[in-house]
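> model the structure of this input:
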Amino acid sequence: KLQLRTTTKGLIVCGSENNKRHVISGILDEYWNTFSIDTGENNSNIFNKRYLNKILFVIRNSFKKSHIDCSDYQIKNLVIHIAIILQRIKTNHCLEKKPNNKYKQLNETEELVKAINKEFKVHIPNLEKEYLNLHVVTFKDMRANNDSKNFKIKLIRNFLVESIKVVDPDDILISDLTLHLFTTIDRLKKGLAIKNPYTTDIKKNFPYSFDLAVQLASKIQAKFKVILFEDEIAYITLHFQNFIERESYDSRINAVIVCSTGLGMSRFLEQEVSDTYHDKINILQVMSLTKFEQTSISVPLVLSTVNIAGYSGNVVTVSPLLEEIDKEKINIAIERILVNNRSYRTFSHLISLDQIYVNEHLSNANKVISFLGKELINKGFAKSGVIESALEREEISSTVIKNMAAPHSKVKYIIKPSISILLNKNGIEWGNKKVYLVFFIGLNNSVIGKSKEIYKYFSKLIYPAFIKKACKCNSSEEIYELIMRHLKEVSK
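Predicted coordinates:
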């Protein structure tokens, strides 16, 4: 922890050297892409892009000679680490605590240190070398190809097969997570955590996948004796989200293309549509207008280069070249079809009037979760254990999103899927945040296949404007009407 103190010379940041470096590292990472090219005459300023690029050049040149490969993100972390080392050495602020280092100093580390010392005319102390060595050891280990590595990979793979079988994973998910966790666990055991600049966005946009990642993270921590913070969990989330996207691929809208401008143009349009809408449209057939009129074909969407009269389905007239205005019309048609096919009912059917509460006495997360959990049990929607499960989930990672929270339990405690809602206009203390709306999301295996759709509509309720309107409601009826009205509006 750091503290600010006022002196006659100005403000001074007080704290351990390690904590100061951690904060500086966070600042550099946050503003990595915004540094100016020139910050004046002080070319050794760590916020100077030329200075950072100079460090980058030294690292890449050294690693090239040592035949070390690593990702751009790993390189960036190392640049930041070395920039801080150089700056702190020049001001006589060296590390005070040895790393938990059981690794011998590598020749590759020695070569990197020599290159840094020569280029920047400094002498990096042994303690700083040990921290640098941790980075290099990690990079080297990722390239190791031996029995030990193969054993670890097999161990992780078997662990994953058992741990995430509830989602019926495909081979791609198992393989991708295995490789990801192999490097992550090894890195964490060396004390090297990384920052994820997109954690907040990932939690907000992929809440279901994030929850799957949280559940897996809990098992990883118990099995491999490492701690995964939210930044690490967010990276795991992306693997689950990719899996969900693959699983939903077959939900594409069936369509036919009607084109009377020749085979070449027809194929061109088909390819353009396939490339642009590969995850949304499944092209069944390309045909001429004459053939289309002679065929009693019925599909959700027809893309035509000519006007079609008398067809009752969704027809979008487009140019054979598929211009931007055509894409806009297709996007509108897709959204309209999806709304008509499933509307918001998959989500809205989970909400009932008797599971909406206005309560200004439940003032913290534990009380709210206990109250909603008991209501679910009493009404036959959940089993005993749902409260404890939801509280355990909050301990792992808070479910707060802006001014609302979305607690939930493991699926095994949910008998009938539902969403309970509680409003407290005075606010509810939720960890170190204050929320006003709580959605207790109770999903089980009967709706897991629709989870993406459910969370899509749920995400439309977490905007400040909606929460502000909800806080003006005085009854369960008003909240229910507001939600239904809002869902209809966003589904148009």
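> residue ranges with poor pLDDT in the stretch 151-300 of the chain?
By pLDDT under 70, the low-scoring segments of the stretch 151-300 of the chain are 247-251.
> no, scratch that, I was asking about the stretch 351-492 of the chain
Residue ranges of the stretch 351-492 of the chain with pLDDT under 70: 449, 452, 490-492.
> which stretches of it form helices?
Taking DSSP state H, counting those that start in this stretch as the criterion, the stretch 351-492 of the chain contains helices spanning 365-378, 386-396, 451-458, 464-470, 476-490.
> would a markdown table of those with distance to residue 268 be doable?
Every C-beta, even on glycine, is put in place using the N, C-alpha and C of the backbone. Formatted as a markdown table, the helices of the stretch 351-492 of the chain follow (distance: least, CB to CB, whole Å):
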| stretch | distance to residue 268 |
| --- | --- |
| helix 365-378 | 55 |
| helix 386-396 | 51 |
| helix 451-458 | 32 |
| helix 464-470 | 43 |
| helix 476-490 | 35 |
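> so which residue is smack in the middle of this protein?
residue 202 (2.7 Å; CA atoms, centre = their mean).
> of the helices of the stretch 351-492 of the chain, give the one that comes closest to residue 28.
helix 386-396 (28.8 Å; CB to CB).
> any idea which of the helices of the stretch 351-492 of the chain gets closest to residue 307?
helix 476-490 (31.4 Å).
> gap between the closest one and the chain center?
What separates the centre of helix 476-490 from the centre of its chain is 28 Å, taken as CA atoms, centre = their mean, to the nearest Å.
> still on that earlier bit, how far away is the residue nearest to the centre of the chain from residue 117?
Plainly put, residue 202 is 40 Å away from residue 117 if you go by CB to CB, to the nearest Å.
> now do the helices in the stretch 1-150 of the chain.
Under DSSP H, counting those that start in this stretch, the stretch 1-150 of the chain gives helices at 17-30, 49-66, 72-90, 107-120, 126-141, 147-163.
> what's the closest of those helices to residue 366?
Proximity to residue 366 (CB to CB) singles out helix 147-163 among the helices of the stretch 1-150 of the chain, at 28.0 Å.
> only the buried residues of that closest one, if you could.
Neighbour counts over helix 147-163 (16 or more other CB atoms under 10 Å) mark 152, 156, 157, 159, 160, 163 as buried.
> cool, stretch 13-31 as well?
Buried-residue list, stretch 13-31, by 16+ other CB under 10 Å: 20, 21, 24, 25, 28.
> surely the third one touches residue 86?
No: taking CB atoms under 8 Å as the contact criterion, residue 24 and residue 86 are not neighbours in contact, 11.9 Å apart.
> tell me the secondary structure at the closest residue in space to residue 419 that isn't next to it in sequence.
Excluding its sequence neighbours, the residue lying closest to residue 419 (CB to CB, 6 or more residues apart in numbering) is residue 350, at 4.4 Å. At residue 350, secondary structure determined by DSSP: H, G, I helix; E, B strand; the rest coil is coil.
> dump the helices of the stretch 351-492 of the chain to CSV, plus mean neighbour count and distance to residue 16.
Below are the helices of the stretch 351-492 of the chain laid out as CSV (neighbours: other CB atoms under 10 Å; distance: least, CB to CB, whole Å):
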stretch, mean neighbour count, distance to residue 16
helix 365-378, 20, 32
helix 386-396, 18, 27
helix 451-458, 20, 41
helix 464-470, 14, 38
helix 476-490, 16, 49
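> I'd like to know how many residues surround residue 326.
Residues lying near residue 326 (other CB atoms under 10 Å) number 21.
> hey, C-alpha coordinates of the helix or strand where it lies in CSV?
According to DSSP states H and E, residue 326 maps onto helix 324-342. The C-alpha trace of helix 324-342 is given here as CSV (Å, rounded to 0.1, in the frame of the first residue of the first chain):
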residue,chain,number,x,y,z
GLU,A,324,-22.6,-0.6,-47.5
ILE,A,325,-26.2,0.5,-47.8
ASP,A,326,-27.1,-3.1,-48.7
LYS,A,327,-25.4,-4.4,-45.6
GLU,A,328,-27.3,-1.9,-43.4
LYS,A,329,-30.6,-3.3,-44.9
ILE,A,330,-29.5,-6.9,-44.3
ASN,A,331,-28.6,-6.1,-40.7
ILE,A,332,-32.0,-4.6,-40.1
ALA,A,333,-33.7,-7.7,-41.6
ILE,A,334,-31.6,-10.1,-39.6
GLU,A,335,-32.5,-8.3,-36.3
ARG,A,336,-36.2,-8.3,-37.3
ILE,A,337,-36.2,-12.0,-38.1
LEU,A,338,-34.4,-12.9,-34.8
VAL,A,339,-36.9,-10.7,-32.9
ASN,A,340,-39.9,-12.3,-34.6
ASN,A,341,-38.5,-15.8,-34.2
ARG,A,342,-37.7,-15.7,-30.5
